Every structure is written in C-alpha cells, then in structure tokens.
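Asks: build the 3D model from these lines:
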Amino acid sequence: MARVPYLESEDLPDEYASLLEDNSLGPLHIFRAFANDPPVLQSYMRWGSTLWREAGLDRRAVELVVLTVASELDAVYEWHQHVPLGLEFGLTETEILTVRAGEFDAFDADDEALACYARAVVTGEVDDATYAAFAEREWVDDRTVVGVTLLAGQYLMTARALEALAVEPEGEFVGWDLEGL
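Replies: Have a look, this model is predicted:
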C-alpha cells in the first residue's frame, strides 16, 4: 500500500485538477501519489515530457534508456509502465528481455552504447571508455549526451521516489520475464 494517498482530480486545487486527466497516460498511480504536492507534480510532468522530446532520442531509444534504468534498479513500477511503451515504440520482447539480462552486446553498436551509458549513469560508474563509446557515436552530439544523462537521472530519481512512497503498479505486474503480458 502506498505511503501517501492516491489523489483524484477533485482533491486538487482548481489550477492543478487537470494534471491527472489531461495527459497522454491518464491518472496513473505515480501521478496520483505525486499529486500530494501539486506544483511539484506539474513540474515533474513538464520535465519528463521535455526529456522525452528533447533528449536527442527517438521514442524507441527513450524507452531503451528507461527500461535499462528500471532493470538496473529492479524498479517494478517503471518496468511495468515502460514495457508496454517500449513495445509500442518499437522494442521487441526479445530486446526487452535482453535489457533485463544486461546483455547489451546483443544489441547493435548504437543501442549497446546507449544502454551501457544509461546503466553507467545509474550506477555512478561513467568512466572515460563508457562515455567515449556513447559520445563518439555518429548520431550523438553534446546536446544528446546531456539529454540522455538527465533522462537516465530522471528515471533514477523517479525509481527511488516510487520506492520510498511504496507506489504500486496498476494491475498485475508484467513480470521481469514478461510472463504477465
């Protein structure tokens, strides 16, 4: 059970009531829990949306980063939410299971560098070789490096906040091996 209440739109001040309904994902537990501080929820949602759009990645690559973070941290809520999004945006079940196994060398060189870099951001182990393997990809520039770093950091923070607040996934967990899909 979550440590804070899951709020409804009518529980929020008028200027924030739309946050739980007028977003592409709907009134998820994460938003309903974070709604206990409406201005922070609003900023969190804007920041997350900005990272999704401006990190220098397409949505498939965003989901690869998020799933890498979720797997590294055993973050149930993030994994549960982002497996379906990963599938929607082009990751295959095999690729998602590869992320879970941490076998990034099974990916092409671009995806391997991206996933290895995201994992290193989460573990605090970005060494020169990992940085270079990512930053020197043809499609990566300084803006993308910053965007991916902040995206991975955002989901690291989100995982820790969800864990601290004991926010549960909506519905049955998809499973680490996708057995609940």
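
Asks: quick one, what contacts the nearest residue to Glu21 once chain neighbours are set aside?
Replies: Of all residues not flanking Glu21 in the chain, Ser9 sits nearest, at 5.6 Å (Cβ to Cβ, 6 or more residues apart in numbering). The way it works is simple: take the backbone N, C-alpha and C, and place the C-beta from them, glycine included. Residues in contact with Ser9, defined by Cβ atoms under 8 Å, 6 or more residues apart in numbering, are Ala17, Ser18, Leu19, Leu20, Glu21, Pro27.

Asks: where does the nearest residue to the second one once chain neighbours are set aside land on pLDDT?
Replies: Right, the one you point to is Ser18. The shortest distance from Ser18 to any non-neighbouring residue, by Cβ to Cβ, 6+ apart, is to Ser9 (7.2 Å). pLDDT, Ser9: 93.

Asks: same thing with Asp22?
Replies: Asp22 is given a pLDDT of 79.

Asks: by contact count, what packs against whichever strand or helix holds Gly153?
Replies: Under the criterion of DSSP states H and E, Gly153 resides in helix 142-165. Judged by 3 or more Cβ pairs under 8 Å, 6 or more residues apart in numbering; DSSP states H and E, the packing partners of helix 142-165 are helix 29-34, helix 38-54, helix 59-73, helix 76-88, helix 109-123, helix 128-135.

Asks: for those, which one sits closest to Leu178?
Replies: helix 76-88 (6.6 Å; Cβ to Cβ).

Asks: packing partners for the following helix or strand past that closest one?
Replies: Note on helix 76-88: by DSSP H and E, the next helix or strand toward the C-terminus is helix 93-101. Applying 3+ Cβ pairs under 8 Å, 6+ apart, one finds that helix 93-101 contacts helix 59-73, helix 76-88.

Asks: columns mean neighbour count and distance to Glu125 on top of these, output as TSV?
Replies: Putting the helices and strands packed on helix 93-101 into TSV (neighbours: other Cβ atoms under 10 Å; distance: least, Cβ to Cβ, whole Å) gives the following:
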stretch	mean neighbour count	distance to Glu125
helix 59-73	24	11
helix 76-88	21	20
